[in-house]
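S.K.: I'd like to go over a predicted model; first the sequence, then the structure.
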Amino acid sequence: MTSRTEAASSRIREERVPEGAALLLLSSYDWEGNRETLTLADAIQRFRDVNGYVGLPVPAKPHFLKLFRKLINGSRPPELIYLVHDASHVLTGTTFTHDEPALVLLAAEAAEQGLYFASRGVPKSVGWALFYGGAFVECARRIAPFGQVWRGIQLGIFNRAYEYAKQTRLTNLFHIPIEKLSGMSVAEARRSLGMPAGGIAAELYRSIEIPAGLANALRQEWRSYGINR
């Protein structure tokens with residue numbers, strides 16, 4: 001019986017990629033190189049510039065999508081909603097570009113939302129349903145690829161981020177004091193909020209084991225962008 005158990009465990013290890021391969025989920029853009037000097041305000045603007053954000057997003061259609069956004073963000077001015085959301089991405093390190101594998105973006109969104117809901121004290125099941133409910137609607141609208149969303153679910157990214165936030169008692173990301181932090185460097189702003197100076201994403205992703213098949217597929221996708229990982 002022992003030998004069979006050991007053999008089964010060995011097969012599981014062989015089918016998994018070492019935890020360092022979770023770096024396949026991190027953006028290749030150098031978001032962190034100047035975190036000790038770049039102000040949070042400038043970092044948010046860079047995040048928007050890199051991703052081609054001009055003004056506010058087009059209003060949600062169909063109409064019921066507004067319900068998801070209101071439940072997630074409350075009744076706040078759109079400008080503040082998107083400013084806090086982008087600041088949260090920068091501060092937590094869940095950054096991405098649109099010139100990378102789609103899973104990088106979707107993993108970042110799942111992680112950021114897991115951290116966000118947990119920091120607000122929203123029950124995990126409710127936060128999961130709101131986030132993935134909206135994601136599946138986006139899939140139906142052909143804005144997000146269903147296969148990539150499913151990959152994120154399989155890796156448990158939202159749940160891992162939620163648990164991380166609970167364990168570390170992450171500051172409430174709904175009430176990021178933008179005015180107070182905007183002139184600080186990214187690293188200083190993180191430290192003032194009790195976050196790692198290098199952000200949360202890199203630390204969080206290291207805990208994720210990616211199945212070998214998915215890791216190989218991701219490496220191929222990275223190579224299609226001219227990047228070897």
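M.R.: That came through, no problem.

S.K.: What's the separation between R169 and A118?
M.R.: Distance of R169 to A118, given as C-beta to C-beta, to the nearest Å: 10 Å. (C-beta placed from N, C-alpha, C; glycine too.)

S.K.: R229 too?
M.R.: In terms of C-beta to C-beta, R229 sits 29 Å off from A118.

S.K.: who has more neighbours, the two?
M.R.: More crowded of R229 and A118, by other C-beta atoms under 10 Å: A118, with 26 against 15.

S.K.: where does that one land on pLDDT?
M.R.: At A118, the pLDDT value in this model is 97.

S.K.: can you pull the contacts of it?
M.R.: By C-beta atoms under 8 Å, 6 or more residues apart in numbering, the contact list for A118 reads K124, G127, A161, Y162, E163, Y164, A165, K166, L170.

S.K.: Just want the phi and psi numbers for it.
M.R.: phi -60, psi -40 (degrees, to the nearest 10).

S.K.: swap in T39?
M.R.: Main-chain dihedrals, T39, degrees, to the nearest 10: phi -70, psi 160.

S.K.: The residue nearest to A189 when sequence neighbours are not counted and A41, how far apart?
M.R.: Excluding the flanking residues, the one nearest A189 by C-beta to C-beta, 6 or more residues apart in numbering is L181, at 4.2 Å. L181 is 9 Å from A41, where distance means C-beta to C-beta.

S.K.: and if you look at R169?
M.R.: 26 Å.

S.K.: just so I have it, where are all the helices in this structure?
M.R.: 2-15, 40-50, 65-73, 78-92, 102-120, 124-140, 146-155, 157-168, 178-181, 186-192, 201-205, 212-223 (DSSP state H).

S.K.: Now do the longest one: distance to the chain's middle.
M.R.: The gap between the average C-alpha position of helix 102-120 and the chain average comes to 4 Å, counting by C-alpha atoms, centre = their mean, to the nearest Å.

S.K.: so can I have JSON lines of the helices of the chain showing distance to Y29?
M.R.: JSON lines is the format used below for those (distance: least, C-beta to C-beta, whole Å):
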{"stretch": "helix 2-15", "distance to Y29": "31"}
{"stretch": "helix 40-50", "distance to Y29": "7"}
{"stretch": "helix 65-73", "distance to Y29": "26"}
{"stretch": "helix 78-92", "distance to Y29": "12"}
{"stretch": "helix 102-120", "distance to Y29": "10"}
{"stretch": "helix 124-140", "distance to Y29": "23"}
{"stretch": "helix 146-155", "distance to Y29": "19"}
{"stretch": "helix 157-168", "distance to Y29": "19"}
{"stretch": "helix 178-181", "distance to Y29": "22"}
{"stretch": "helix 186-192", "distance to Y29": "14"}
{"stretch": "helix 201-205", "distance to Y29": "13"}
{"stretch": "helix 212-223", "distance to Y29": "13"}
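
S.K.: which one of those helices is the most hemmed in?
M.R.: Most buried of those by mean neighbour count (mean count of other C-beta atoms under 10 Å) is helix 102-120; its value is a mean of 25.
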